[in-house]
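Participant: Build me a model from this:
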Amino acid sequence: MSEVVHVVCPECEAVNRVDGNRVGAVPKCGRCSAALFAGHPIAVNASAFEKQVSRSHIPVVVDFWAPWCGPCRMMAPAFESAARRLEPRVRFLKVNTEEEPSLASRYGIRSIPTVVIFKNGREVARRSGAMDAPTLERWVHGVLAAS
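Facilitator: Purely as a prediction, here's the structure:
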């Protein structure tokens, strides 16, 4: 019997139980029928962030950014590329620190972009500064292999 994993829908935020062997088979949400993985980062507010990080069994990589930040805009295509390559093994989220200052404060975000990896609802690593896609992917793989 395969492991069942919980995956939070990016559209309606329903928690879906998915056969671990079928996560890569483009599963759909049981409530709204949206694809659970679209191959791009999900822009989230504080409520959606909490649900994605605390209820999902897959690791979550979060980009804390702001629209006025040049390095953040420069890294956005790399973050998008990493999401395409690493989903569904990893969920990618974007948190606009201008719209969600309480989240930025709660996680001690002092410079942006800052990328934080969560696993089982807990922070396991963080890195500040813009990264290109290969560097970001190597870092995520390394952190997840070690944790």
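Participant: center of this structure, which residue is that?
Facilitator: residue 92 (2.5 Å; CA atoms, centre = their mean).
Participant: so what's that one bridging to?
Facilitator: Note on residue 92: beta-bridge partners by DSSP bridges are residue 61.
Participant: what's near enough to touch it?
Facilitator: Residues in contact with residue 92, defined by CB atoms under 8 Å, 6 or more residues apart in numbering, are 40-42, 60-63, 79, 82-83, 86. To be clear about C-beta, it is placed using only N, CA and C from the backbone, and glycine gets the same treatment.
Participant: mind running it again at 7 Å?
Facilitator: 41-42, 61, 79, 82-83 (CB atoms under 7 Å, 6 or more residues apart in numbering).
Participant: show me the contacts for the residue nearest to residue 144 when sequence neighbours are not counted.
Facilitator: Of all residues not flanking residue 144 in the chain, residue 59 sits nearest, at 5.7 Å (CB to CB, 6 or more residues apart in numbering). The contact partners of residue 59, taken as CB under 7 Å, 6+ apart, are 90, 117-119, 144.
Participant: Which pair in the contacts of residue 92 has the greatest spatial separation?
Facilitator: With CB to CB as the measure, no two of the contacts of residue 92 lie farther apart than 42 and 82, at 13.4 Å.
Participant: Which one's more surrounded, those two?
Facilitator: Neighbour count, other CB atoms under 10 Å: between residue 42 and residue 82, residue 82 has more, with 27 against 19.
Participant: For the residue lying closest to residue 109 once chain neighbours are set aside, what are phi and psi?
Facilitator: Nearest non-adjacent residue to residue 109, counting by CB to CB, 6+ apart: residue 64, 4.7 Å away. The phi/psi pair for residue 64 (degrees, to the nearest 10) reads phi -90, psi 120.
Participant: Pull up the per-residue confidence for the closest residue to residue 124 other than its chain neighbours.
Facilitator: Nearest residue to residue 124, sequence neighbours excluded (CB to CB, 6+ apart): residue 147, at 4.7 Å. For residue 147, the pLDDT comes out at 84.
Participant: Might one say that residue 147 is in contact with residue 123?
Facilitator: No - using CB atoms under 7 Å as the test, residue 147 is too far from residue 123 to be in contact (10.5 Å).
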